[in-house]
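Participant: Coordinates for the following, if possible.
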Amino acid sequence: MHTFDNLTYLVNGLYIIAFGMFIYGLMGLTGPKTAVRGNLIAAVGMVIAVVATLISVRHTSNWILIIAGLVVGIALGVPPAKFTKMTAMPQLVAAFNGVGGGTVALIAWSEFINSQGFSHFDEEPTVHIVVGSLFAAIIGSVSFWGSLIAFGKLQEILPGRPIGLGKLQQPLNLLLLVGAIAAAVVIGVGATNDGVSQLWMIAVLVLAGVLGLAVVLPIGGADMPVVISLLNALTGLSAAAAGLALNNTAMIVAGMIVGASGTILTNLMAKAMNRSIPAIVAGGFGGGGTAPGAGGDGEAKQAKATSAADAAIQMAYANQVIVVPGYGMAVAQAQHAVKEMAALLEAKGVEVKYAIHPVAGRMPGHMNVLLAEAEVSYDALKEMDDINGEFGRTDVALVIGANDVTNPAAREDKSSPIYGMPVLNVDQAKSVIVLKRSMNSGFAGIDNPLFYADHTSMLFGDAKKSVGAVTEELKAL
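Facilitator: Got it, this is the predicted structure:
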């Protein structure tokens with residue numbers, strides 16, 4: 001008994017150390033200079049938590065299964081994390097988040113099977129065990145299947161446009177939610193025998209899974225980053241609930257950290273898009289769009305093409321150039337080319353700054369990470385609120401693959417689906433050069449009138465090649 005107590009104290013002590021490292025690591029993620037260190041600290045904390053858990057189950061006879069699970073997890077987790085390109089990082093986040101939610105749902109189901117239903121616990125199960133397990137099963141299943149749809153849309157396996165039943169969608173979602181909760185209540189109150197209760201548990205998981213599909217499918221691609229953040233928060237809450245049911249302190253604390261941080265991030269992203277979270281979950285945004293080149297009077301407008309030489313001349317003789325990066329820069333992996341171009345401009349006495357929109361790219365901080373990878377100075381990266389006032393006195397704004405976050409319709413057109421969304425005031429610059437492959441609309445499926453403005457010119461082609469061509473022209477000046 002004495003040995004057991006000592007090991008229990010050891011396990012709890014290791015858990016406390018792990019929690020501290022989780023929190024300290026999360027604090028490091030708030031800034032680019034400390035992000036890598038913070039990530040490593042949190043990773044070490046997770047290793048400590050795993051070791052503590054293995055110590056706590058030292059009497060198990062299933063060590064072969066545990067070791068096999070660890071090996072499979074490492075084999076499946078390390079290669080994607082190591083080799084996935086930054087352009088596909090949002091998809092990886094969605095996939096990993098889905099795995100977390102699915103794991104929680106399977107844990108809840110497994111514990112239910114092992115206990116032969118709640119009526120066969122060695123002792124009468126407490127409310128927190130019953131409610132925690134069923135909550136984890138519902139939310140974990142929603143998160144898993146919803147994350148799969150988010151992954152599919154971001155990977156373009158599924159269409160980015162909303163896919164739903166129109167006015168029938170919300171009643172269907174409500175019916176699925178009520179059904180899952182009702183099945184959980186039947187299990188919780190013990191109104192069935194063991195064999196039938198297993199079927200009710202499967203019904204909980206199936207109804208919640210279909211709910212996850214039904215909620216995310218009608219949400220357009222433009223809202224998908226917010227959806228991923230929301231699903232991440234739900235996964236954290238489900239993990240905390242499962243930890244409560246299993247009396248596992250590590251799951252409770254880690255789940256609450258993920259749930260709280262995911263909720264805060266979701267709220268910040270929704271505010272950056274001037275959309276409420278219920279409106280995002282209601283779906284229907286991000287795939288309609290308008291006809292390319294359609295003006296307010298219905299007449300087609302023509303975009304003006306430019307050359308790398310003309311773009312180089314404009315920027316070489318400017319006092320200030322603001323670079324506006326977007327997903328196009330990420331796809332082309334043009335960040336290093338942009339850094340080289342900016343260095344040439346600065347050598348000519350041109351001040352170069354970078355305007356970063358909170359939801360540029362496919363996830364928060366996407367552009368910051370890419371530019372930091374190219375060793376762009378942190379001081380040159382300006383958030384939207386800090387840079388918007390400078391566009392009016394900027395000679396050239398260079399937009400690299402950014403669509404929706406530069407759309408002036410968000411300020412001016414009340415009929416636009418993105419009206420009210422805070423955007424970068426790129427249209428206020430004296431001259432605008434937009435680097436795009438084509439005139440296709442952005443992820444929201446909405447045309448951008450900025451591209452047809454009199455002071456805007458389009459440099460078509462791959463962003464990396466276009467920036468490289470401009471750089472060569474700058475060298476010749």
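
Participant: Hmm, S457 and D310 touching each other?
Facilitator: Yes: with contact taken as C-beta atoms under 8 Å, D310 and S457 are classed as touching, separated by 7.3 Å. Heads up, the C-betas are built off the backbone N, CA and C, glycines and all.

Participant: Neighbour count for the two, which is higher?
Facilitator: S457 (19 against 15; other C-beta atoms under 10 Å).

Participant: Where does the more buried one fall, secondary structure wise?
Facilitator: Element membership for S457 (DSSP states H and E) is strand 456-460.

Participant: can you give me the offset of that strand from its chain's centre?
Facilitator: 30 Å (C-alpha atoms, centre = their mean, to the nearest Å).

Participant: Now that strand - C-alpha only, CSV.
Facilitator: Taking Å, rounded to 0.1, in the frame of the first residue of the first chain, the C-alpha atoms of strand 456-460 are listed here in CSV:
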residue,chain,number,x,y,z
THR,A,456,-5.5,48.7,-60.2
SER,A,457,-3.4,46.6,-62.6
MET,A,458,-3.2,42.8,-62.7
LEU,A,459,0.0,40.8,-63.0
PHE,A,460,-1.1,37.3,-64.0
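
Participant: May I see the buried residues of the helix or strand just after that strand?
Facilitator: Counting by DSSP H and E, the next helix or strand C-terminal to strand 456-460 is helix 463-476. By 16 or more other C-beta atoms under 10 Å, the buried positions in helix 463-476 come out as 463-464, 466-471, 473-474.

Participant: Need the residues you listed in a markdown table (columns: pLDDT and distance to Q333).
Facilitator: As requested, those are exported to a markdown table (pLDDT from 0 to 100; distance: C-beta to C-beta, whole Å):
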| residue | pLDDT | distance to Q333 |
| --- | --- | --- |
| A463 | 92 | 9 |
| K464 | 93 | 6 |
| S466 | 95 | 13 |
| V467 | 95 | 11 |
| G468 | 95 | 12 |
| A469 | 95 | 16 |
| V470 | 95 | 16 |
| T471 | 95 | 15 |
| E473 | 94 | 21 |
| L474 | 94 | 20 |
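
Participant: any idea how this structure splits into domains?
Facilitator: For the chain, automatic domain parsing gives the domain ranges 1-83, 88-287, 308-476.

Participant: Redo those domains as a markdown table? Include distance to Q302.
Facilitator: Converted to a markdown table, the domains of the chain look like this (distance: least, C-beta to C-beta, whole Å):
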| stretch | distance to Q302 |
| --- | --- |
| domain 1-83 | 40 |
| domain 88-287 | 25 |
| domain 308-476 | 7 |
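
Participant: mean pLDDT for the ones you listed: which is lowest?
Facilitator: Ranked by mean pLDDT, the domains of the chain bottom out at domain 88-287, with a mean of 82.

Participant: show me where this structure has strands.
Facilitator: Counting by DSSP state E, the chain has strands at residues 320-325, 351-356, 381-383, 396-400, 431-436, 456-460.

Participant: looking at the ones you listed, which is closest to L207?
Facilitator: Proximity to L207, assessed across the strands of the chain by C-beta to C-beta, is greatest for strand 351-356 (41.2 Å).

Participant: helices and strands around the closest one, which ones?
Facilitator: On a contact count with 3 or more C-beta pairs under 8 Å, 6 or more residues apart in numbering; DSSP states H and E, strand 351-356 meets strand 320-325, helix 335-347, helix 366-373, strand 381-383, helix 384-387.

Participant: between the first one and helix 366-373, how big is the angle?
Facilitator: Spelled out, it's strand 320-325. Angle between the axes of strand 320-325 and helix 366-373 is 110 degrees (criterion: axes from the mean of the first three to the mean of the last three C-alpha atoms, to 10 degrees).
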